[in-house]
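Chemist: Generate a structure from the sequence data that follows.
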Amino acid sequence: MGDDSSDVSMEPELRGNTLRVYWHMLTQSESVGVREVQRALSMSSPSVASHHLTKLVSLELVEQLSDNTYKVKQVVKVGVLQNFIGFRGRFLPRYAFVAMFFTSYTLAYLILTMIAPPNIYDRYIAFTIGVVGALFAWFESIRLWKLKLS
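Modeler: Have a look, this model is predicted:
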């Protein structure tokens, strides 16, 4: 992972279609070819995909392999990438983990209250905390997911 100063200086160069190509490459487990990038991102021609791959090579984020495929060399978090976390080969909005926590918390609390009912005010407070936390986190996760390099 690059340091923050290089990430900031790279941000003006890594945007638009170049960022989309980089995002696509980050989500792939193997190296990618020019035509694969062109098809995956619905680019007008292989030369457009090649241009963006060459730009990523010049930024030293990607390297070209001997078989004319490209693989990620360095991961930097710029722009919308700052809001995502890599998890098992996928990029998830960082609030997705918070959303899962609050959803699990709320469901566990509901199950426990059926076993041993707490005081009525404890129930309202705990349930409200869980629901508000889960709603906020799911809202932010969905917002970030829609924002991702559309």
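
Chemist: For the lengthiest helix in the chain, the averaged confidence score.
Modeler: In the chain, taking DSSP state H as the definition, the longest helix is helix 120-147. Averaging pLDDT along helix 120-147 gives 81.

Chemist: buried set for that helix?
Modeler: 126, 130, 133-134, 137-138, 140-141, 144-145 (16 or more other Cβ atoms under 10 Å). All C-beta atoms are positioned from the backbone trio N, CA, C, and that covers glycine.

Chemist: Residue 93: what's it in contact with?
Modeler: Residue 93 makes contact with 83-85, 140-142, 144-145, 148, according to Cβ atoms under 8 Å, 6 or more residues apart in numbering.

Chemist: should've said residue 136
Modeler: The contact partners of residue 136, by Cβ under 8 Å, 6+ apart, come to residue 95.

Chemist: What segments of the protein are helices?
Modeler: Going by DSSP H, the chain shows helices at 4-10, 16-26, 34-40, 46-58, 95-115, 120-147.

Chemist: Between these, which one is closest to residue 67.
Modeler: Each of the helices of the chain has some distance to residue 67 by Cβ to Cβ; the shortest is helix 34-40, at 11.7 Å.

Chemist: what comes up buried for the closest one?
Modeler: Buried, per 16+ other Cβ under 10 Å, within helix 34-40: 34, 36-38, 40.

Chemist: Could you do stretch 92-106 as well?
Modeler: Under 16+ other Cβ under 10 Å, the buried positions of stretch 92-106 are 92-93, 95-96, 98-99, 102-103, 105-106.

Chemist: from those, which is closest to residue 30?
Modeler: residue 92 (20.6 Å).

Chemist: excluding its backbone neighbours, what's nearest that closest one?
Modeler: Nearest non-adjacent residue to residue 92, counting by Cβ to Cβ, 6 or more residues apart in numbering: residue 85, 5.8 Å away.

Chemist: quick one: the residue located most distally from the centre of the chain from residue 125, how far?
Modeler: Going by Cα atoms, centre = their mean, the residue of the chain most distant from its centre is residue 119, 41.0 Å out. Going from residue 119 to residue 125 by Cβ to Cβ, to the nearest Å gives 10 Å.
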